[in-house]
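Chemist: mind folding the following:
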Amino acid sequence: MSFLAELRRRNVLRVGAAYIVTAWLVVQVVETLFPIYGLSDAAVRIVVNIVAVGLVPVLVLSWVFEWTPEGLKKDRDVVPGAPASAQAAKRLDRAILVVLALAVGYFAFDRFVLVPQQMAEQIRKAHEAGRSEALVESFGDHSIAVLAFDDLSPEGDQEYLSDGIAEELLNLLARIPELRVISRSSAFHFKSTDIPVPEIARQLNVAHVLEGSVRKSGDRIRITAQLIEARSDTHLWSDTYDRKLVDVFAIQDEIASAMVEQLK
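Modeler: Prediction:
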């Protein structure tokens with residue numbers, strides 16, 4: 001008897017086919033369910049590795065043992081061609097057909113239900129991202145977020161002044177029709193955070209960010225302002241203003257004018 005014929009007699013090929021189809025079905029279900037329960041890709045890989053490694057022991061066991069109405073028996077204890085062997089082969093055939101039916105059913109469910117849902121979700125997210133990107137594109141580089149200025153005064157008690165200066169600058173820039181200026185609540189949301197400027201600009205969908213600091217000593221005030229291009233994270237303009245406190249409104253006008261010139 002040839003080796004291939006012996007494999008067939010011992011139902012090794014049937015068992016191998018049933019195992020492979022079942023393993024494929026298990027992997028497909030795992031890939032669908034694990035993300036729903038927050039399990040990472042590493043967990044999926046573990047299942048795939050276990051299933052792959054399990055093929056060899058299953059084939060070895062199917063070579064050594066045979067399933068009979070009396071339970072598992074070693075192949076040498078089963079008479080070749082006996083009715084029990086034929087029944088075992090038929091049971092395996094039925095099991096393979098059932099697993100194949102389940103696999104086809106899952107494939108159809110995945111193809112006609114899950115995939116369209118996933119595509120619809122991706123399209124929805126793409127549309128949302130497209131609307132955000134369109135805001136930047138429609139204004140070109142003429143979009144800006146004015147972040148809350150840092151209070152660098154020795155006593156650290158001039159937060160109201162630094163916030164007020166940034167807010168007034170925002171209001172001045174918002175009067176320019178050609179310039180899209182992010183609202184105060186959105187821009188000041190990043191106050192006292194360590195988020196990089198490019199990430200802030202990405203979240204706010206702007207091309208530029210204006211940030212700065214305020215120092216007050218006696219009746220003198222120093223305001224430093226920096227205009228940053230978000231894409232390259234580089235300074236387009238920076239200046240420092242040392243004036244008396246009574247000149248703070250004039251400083252705000254100067255900074256706003258400088259912003260307009262830089263964004264032309």
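Chemist: does Ile221 belong to a helix, a strand or coil?
Modeler: With DSSP: H, G, I helix; E, B strand; the rest coil as the basis, the three-state label of Ile221 is strand.
Chemist: got it, and Ile176?
Modeler: Ile176 carries the three-state label coil when classified by three-state DSSP.
Chemist: sketch out the low-pLDDT regions of the stretch 1-150 of the chain for me.
Modeler: The stretch 1-150 of the chain contains residues with pLDDT under 70 at 1, 67-89, 115-116, 118-141.
Chemist: and the strands in it?
Modeler: For the stretch 1-150 of the chain, the strands identified by DSSP state E, counting those that start in this stretch occupy 65-68, 71-74, 143-146, 150-151, in order along the chain.
Chemist: what's the burial count for Ala17?
Modeler: Residues near Ala17, counting by other Cβ atoms under 10 Å, number 17. For the C-beta atoms, the positions are set from N, CA and C on the backbone; glycine is no exception.
Chemist: tell me the contacts of the nearest residue to it once chain neighbours are set aside?
Modeler: When the adjacent residues along the chain are set aside, Ala17 lies closest to Ile96, with 5.8 Å between them (Cβ to Cβ, 6 or more residues apart in numbering). Neighbouring residues of Ile96 by Cβ atoms under 8 Å, 6 or more residues apart in numbering: 14, 17-18, 21.
Chemist: please, which helix or strand holds the spatially closest residue to Glu254 that is not a sequence neighbour?
Modeler: Leaving out its chain neighbours, the residue that sits closest to Glu254 by Cβ to Cβ, 6+ apart is Tyr241, at 6.9 Å. With elements taken from DSSP states H and E, the one containing Tyr241 is strand 234-244.
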